[in-house]
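# One predicted model, sequence on top.
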Amino acid sequence: MKKRVVITGLGAVTPIGNTVDAFWDGIKKEQIGIGAITSFDTSDYKVKLAAEVKDFKAADYMDAKAARRMELFSQYAVAAARQAYEDSGLDISKEDPYDAGVIIGSGIGSLPALEREYSRLLTKGPTRISPMFVPMMISNMAAGNVSIQLGFKGKCTNVVTACASGTHCIGDALRAIQYGDAVMMLAGGTESCICETGVAGFMNLTALSTETDPMRASIPFDQDRSGFVLGEGAGVVMLEELNHAKERGAKIYAELCGYGATADAYHITSPAEDGAGAARAMQLAMQEAGILPSEVDYINAHGTGTHHNDLFETRAIHRAFGDAAHQLHINSTKSMIGHLLGGAGGVEMVATVLAIRDGWIHPTVGTKRPDPECDLDYTIGAPVQMEINYALTNSLGFGGHNASLLLKRYKK
C-alpha cells in the first residue's frame with residue numbers, strides 16, 4: 001500500500017530573496033526581481049533583462065573550499081536544501097542516513113563553466129582546462145553536492161527534463177517514499193545559466209522577451225506577452241513519510257497527494273496545441289488523490305509568458321477541468337521571478353505550499369489585459385484570500401515533458 005507523504009521543510013534562493021521568508025515577503029509585496037543583466041555586456045543582444053539572484057553568499061551555507069568546487073547552480077541547490085533541512089527540524093545523526101535521499105535536478109548544469117573553459121581551451125590550449133571542469137559542470141552535481149554536504153546516503157538522482165526538471169524530481173521523490181525506497185527526500189530544482197550562450201540561445205529561439213521595461217517583460221497570459229524572462233535560483237522541499245513526520249513531532253506544511261507525468265510526443269519546443277498531454281498530467285494527479293476537478297481551488301501555472309505556452313496551457317486546463325475550469329484561481333509566479341528553467345518547479349512548489357499555508361493567492365503581477373483566448377481567472381490586479389484545500393502546480397518542458405503535482409491542506 002502506498003504511504004502518505006507530507007512536506008516538512010522549505011528552501012529557496014530566488015531573484016526576490018535568498019531565503020523562504022525573503023522570497024515570500026517579496027511575493028506578498030509584488031516585488032519584481034527582473035532587471036538589466038549584470039553578468040555580461042548585452043550591447044550586441046536584443047535581450048537586455050533577466051531575473052538574477054542578488055547578494056547571494058555561499059559562505060552562509062558551506063565552507064570556502066566546498067564552494068570553490070561548485071558552480072552557482074550547485075551552490076544554490078545546497079543553500080536551498082540546507083534551508084529545507086533546517087526548517088524541517090530533522091537531525092540526520094539520529095536517522096538511518098540510507099533512508100534519506102536527494103533528487104534535485106537542473107535543466108542545463110553549468111553553461112558558464114562551459115563558456116569559461118572553452119575560452120581557455122582556445123586561448124591557452126588543452127592542458128590549461130581545469131581538472132574540476134567536468135565535475136563542476138554536470139547537472140547531477142547539484143544532488144551530489146547536497147548529499148555530501150548534508151550526509152544523506154539514500155537514493156540520490158537527478159531528473160533532467162528541461163523546464164519540468166524540478167517538478168519531476170519532486171514527483172519521483174514522492175514515489176520513492178510512497179513505495180518504501182526512502183523515508184525522507186530532499187527534492188526540487190536549481191539553475192544558473194544567465195550567461196552569453198544561455199541568453200543568446202534562447203534569444204535566437206525567439207523564446208525570450210525583448211521588452212526593456214521590467215514591469216512589462218514577464219506578463220503571462222497578457223495579450224501583449226512576448227516571451228519569458230530568464231531567471232535563476234533554486235527551490236527545494238523536504239518530503240517525509242507521514243508517520244515518520246508525526247512520530248518526531250514535525251510541523252507539516254501540506255500533504256503531497258498526487259503526481260502526473262506525460263509526454264506530448266509532438267514538438268521539441270512547442271507544447272501540444274490541444275493541451276492534451278498537460279491535461280492528462282493534471283488528470284492523473286487528481287485521479288491519484290481521488291478527487292474531482294471541482295475540488296481543486298488553485299493552480300500555480302507554468303505560465304511562462306510565451307504565446308504558445310500560455311495559450312496551450314489554458315486549453316489544457318479547460319480539457320482537464322471541463323466546466324470547473326472557470327471556478328479555478330490561477331496565477332504565474334514567473335511574473336515576478338522570471339523563468340528559472342530547471343529550478344522553476346522547485347520554487348513554484350514552495351510558493352504553492354505557502355499559498356495553502358496562508359490561504360493567499362498572489363496576483364499574476366504585471367499582467368493587465370489577458371489574451372481573449374486565455375479566458376480563465378489568472379488572478380489579475382489583486383491577490384485572493386481564501387482557504388485552499390487542493391492546489392496543483394504545473395511544469396512543461398522542451399521536448400514535450402509535462403508534470404503536475406497536487407497538494408492537499410493537511411488535516412490531522
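Now that the structure is in, tell me what you want to look at. Numbers count the residues shown, from 1 in each chain.
# so how many other residues sit close to residue 275?
By other Cβ atoms under 10 Å, the residues close to residue 275 number 23. Bear in mind the C-beta positions are built from the backbone N, C-alpha and C, glycine included.
# ugh, wrong one, I meant residue 382
10.
# how about the helices of the stretch 101-250 of the chain, start to end?
Taking DSSP state H, counting those that start in this stretch, the helices of the stretch 101-250 of the chain run over residues 111-124, 133-137, 141-150, 165-178, 196-204, 242-247.
# Isn't residue 238 up against residue 92?
No. Assessed by Cβ atoms under 8 Å, residue 238 is found out of contact with residue 92, at 11.3 Å.
# Output the below-cut-off pLDDT ranges for this structure.
Of all residues in the chain, none has pLDDT under 70.
# hey, which helix is longest across it?
The helix that spans the most residues within the chain, counting by DSSP state H, is helix 72-88.
# List the buried residues of that one.
Residues 72-85, 87-88 are the ones in helix 72-88 that count as buried (16 or more other Cβ atoms under 10 Å).
# Figure out how far that helix is from the centre of its chain.
14 Å (Cα atoms, centre = their mean, to the nearest Å).
# Just the angle for it relative to helix 141-150, thanks.
For helix 72-88 against helix 141-150, the angle by axes from the mean of the first three to the mean of the last three Cα atoms, to 10 degrees is 40 degrees.
# just so I have it, where are all the strands in this structure?
Counting by DSSP state E, one finds strands in the chain at the ranges 5-13, 35-36, 49-50, 100-105, 156-157, 184-191, 233-241, 254-263, 298-300, 329-331, 360-361, 384-385, 390-397, 401-408.
# what's the fifth one packed up against?
Spelled out, it's strand 156-157. strand 100-105, helix 141-150 (3 or more Cβ pairs under 8 Å, 6 or more residues apart in numbering; DSSP states H and E).
# quick one: the last one to chain centroid distance?
Once both centres are worked out by Cα atoms, centre = their mean, helix 141-150 turns out to sit 18 Å from its chain's centre.
# contacts for it?
61-62, 66, 70-71, 73-74, 76-78, 81-82, 85, 92, 102-106, 109, 135, 152-153, 156-158, 186, 190, 234, 236 (Cβ atoms under 8 Å, 6 or more residues apart in numbering).
# Buried only: go through these for me.
61-62, 66, 70-71, 73-74, 76-78, 81-82, 85, 102-106, 109, 135, 152, 156-158, 186, 190, 234, 236.
# my guess is residue 254 meets residue 411, correct?
No. Taking contacts as Cβ under 8 Å, residue 254 lies outside contact range of residue 411: 10.4 Å.
# okay, these two: which has more neighbours?
residue 254 (23 against 7).
# For the more buried one, which residues are in contact?
So residue 254 contacts 6-7, 353, 356-357, 407-410 (Cβ under 8 Å, 6+ apart).
# do the same with residue 316
271, 275-279, 282.
# Make TSV from the residues you listed and add distance to residue 313 to it.
Listed next are the contacts of residue 316 as TSV, based on distance: Cβ to Cβ, whole Å:
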residue	distance to residue 313
271	7
275	7
276	12
277	11
278	6
279	10
282	10
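# Could you identify the most distant pair in those?
271 and 282 (13.1 Å; Cβ to Cβ).
# circling back to that earlier point, what's the PyMOL line that selects buried ones from the contacts of residue 254?
Buried residues among the contacts of residue 254 (16+ other Cβ under 10 Å), as a PyMOL selection:
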select buried, resi 6+7+353+356+357+407+408+409+410
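# any idea which of the contacts of residue 254 is the one closest to residue 45?
Using Cβ to Cβ, the contacts of residue 254 come closest to residue 45 at residue 353, 35.7 Å.
# Quick check: the closest one touching residue 407?
Yes. Using Cβ under 8 Å, residue 353 is in contact with residue 407, at 6.5 Å.
# Nearest to residue 320 among the contacts of residue 254?
Closest to residue 320, out of all of the contacts of residue 254 and judged by Cβ to Cβ, is residue 407, at 16.2 Å.
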